[in-house]
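curious how this folds, go ahead:
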Amino acid sequence: MEPLEIIAYHGWGFDAGFWNPWKKIIPAEITFKTASRGYFFDEKSPRFSNSDSTKILFLHSFGLHWYPLKHIETADCIVIFNGFPSFHPEEPSLQKKSKIILEKMIAGFEKNPQKVLQQFWENTFFPSKNNFSKQDFDKSLLQKDLQLLHKSKFTSEHFKTGKSIICVDGGRDKILGNPRGKEFMVLTKRNAVYHFIKEAGHALPATHTADCWSFINAMIAIFGANGNYRTQRHQ
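Numbers count the residues shown, from 1 in each chain. All right, here's what the predicted structure looks like:
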């Protein structure tokens, strides 16, 4: 069996625990590593091994903008969940509205960070129930990354030829408003696969894990070559 390893990066306001549902569904033979930005003083920076394994990146939301770009050079496949090349849409009126909303969030976070985080978690998990909660956090880092959302941009130069790119969006995303995954189709000159889960929100990797995993299985050739990846689970 060809070895397979995955490194997963969460979005703003979360930690590695965001990916806990995946530990119940990913087969034990797959090496599954979770990175953590350090918002809750738990920074983790896993690396791919030097073996001949197939290497996959899971990037959720802002995770696309804080993970080490060097990993994209070694990854064979990139899976983007509710991602965005830039946080603010290109269309002028939508961009203006988005900037105003983000500025209000930044101002609110300065005054009452716990309240803003709680509301953000609820909106992220909508329409599912929020199951994430933290009391102790790095306010400075969270503020820094909120500001970074204004200017961080993922371009076509970040994609290398020959890589498989999969984009998965939720249809009821209250964070982005409108699904943005199709923008990566343009960036990659249509060298990407797009999937849409109508009833999922922004936290779709955590709330619709089985749906996401099933689609990824169908899209990546290695799974078709060895069905064991589909059936053997972590205990």
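
for the residue nearest the centre of the chain, which residues are in contact?
Central residue of the chain (Cα atoms, centre = their mean): His60, 0.5 Å from the mean position. By Cβ atoms under 8 Å, 6 or more residues apart in numbering, the residues touching His60 are Ala8, Tyr9, His10, Gly11, Phe18, Phe81, Asn82, Gly83, Pro205. No exception for glycine: its C-beta is placed from N, CA and C like everyone else's.

most widely separated two among those?
Based on Cβ to Cβ, the longest span within the contacts of His60 runs between Phe18 and Gly83 and measures 14.5 Å.

related to what we said a few turns ago, mind putting the contacts of His60 into CSV with pLDDT?
Shown next, in CSV, are the contacts of His60 (pLDDT from 0 to 100):
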residue, pLDDT
Ala8, 97
Tyr9, 98
His10, 98
Gly11, 97
Phe18, 97
Phe81, 97
Asn82, 97
Gly83, 94
Pro205, 97
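
go through these and flag which are in helices.
Counted as lying in helices by DSSP state H, out of the contacts of His60, are Pro205.

of the contacts of His60, closest to Asp169?
Nearest to Asp169 among these: Asn82, at 5.8 Å, using Cβ to Cβ.

point out where this structure drops to low pLDDT.
Within the chain, the segments meeting pLDDT under 70 span 1, 156-162, 190, 221-235.

show me what the longest helix along the chain is packed up against.
Assignment by DSSP H gives helix 92-111 as the longest helix of the chain. Helices and strands touching helix 92-111, by 3 or more Cβ pairs under 8 Å, 6 or more residues apart in numbering; DSSP states H and E, are helix 113-125, helix 139-148.
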